[in-house]
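Enquirer: give the three-dimensional model of this entry:
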Amino acid sequence: MKELEMNDRLQAFIQYKTGGRQTDFANLVGWSPQYLGKLLRGGNFGLQPVLRLLTVFPDLSARWLLLGEGDMLQQDQLAKLRAGAVRVAEAIITAESLTPYMSPAELEEFTQAVNERREPVYSPETVAKLRARADERRREIDARINAAQQQSNEAICRRKTAKK
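Expert: Purely as a prediction, here's the structure:
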């Protein structure tokens, strides 16, 4: 029963690390896909595979892998992961708000980053240029609105009032 549970935890870790791609995971660990398949099917899951996993993936919690207790990742790794996730989310939100002002090349970089689930990387100069484009656009829109309001006010003043 414990072997099956540990195999399930290994499968969950494979899902986390490689999106469930067992061949990619086997390559990361230095195992053949057949050996990994044997472990996942309940083959001899001894000390050597566990040691190999803990050596290759220092963020993997031994207590979780062996006993199913605690979190999959060590607590300091979880904190780093969360901080990294927040950083990436902030970068994506910033970039997304500037997409209307991006050149085709900048938009392509943003699209690739999102599709590859990575942080879009723009130099501070590029971000400053995009913000300047956004500010210019806002000024243009404000000027158009002000002009339209002025024309509307002038039209109202020129209207003849109805005689009583």
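
Enquirer: how many neighbours does residue 111 have?
Expert: When counting by other CB atoms under 10 Å, one arrives at 13 neighbours for residue 111. In short, each C-beta sits where N, CA and C put it, glycine included.

Enquirer: same check on residue 72?
Expert: Applying the criterion other CB under 10 Å, we find 15 residues in the vicinity of residue 72.

Enquirer: spatially, what comes nearest to it if we skip its sequence neighbours?
Expert: residue 64 (5.2 Å; CB to CB, 6 or more residues apart in numbering).

Enquirer: buried set for the helix or strand containing residue 94?
Expert: Applying DSSP states H and E as the criterion places residue 94 in helix 75-97. By neighbour count, with 16 or more other CB atoms under 10 Å as the criterion, the buried positions of helix 75-97 are 77, 91-92, 95.

Enquirer: next: stretch 121-128.
Expert: Within stretch 121-128, judged by 16+ other CB under 10 Å, the buried ones are 122, 126.

Enquirer: name the helices or strands packed onto the helix or strand bottoming out on mean pLDDT in the chain?
Expert: Least confident helix or strand of the chain, by mean pLDDT, DSSP states H and E, is helix 75-97 with a mean of 81. Secondary structure elements in contact with helix 75-97, counted by 3 or more CB pairs under 8 Å, 6 or more residues apart in numbering; DSSP states H and E, are helix 104-115.

Enquirer: give me the buried stretch members for the following helix or strand past the helix it packs on, please.
Expert: Scanning forward in sequence from helix 104-115, with DSSP H and E defining helices and strands, the next element found is helix 124-158. Applying a neighbour-count criterion of 16+ other CB under 10 Å, one finds 126, 129-130 buried in helix 124-158.

Enquirer: thanks again, I'm all set now.
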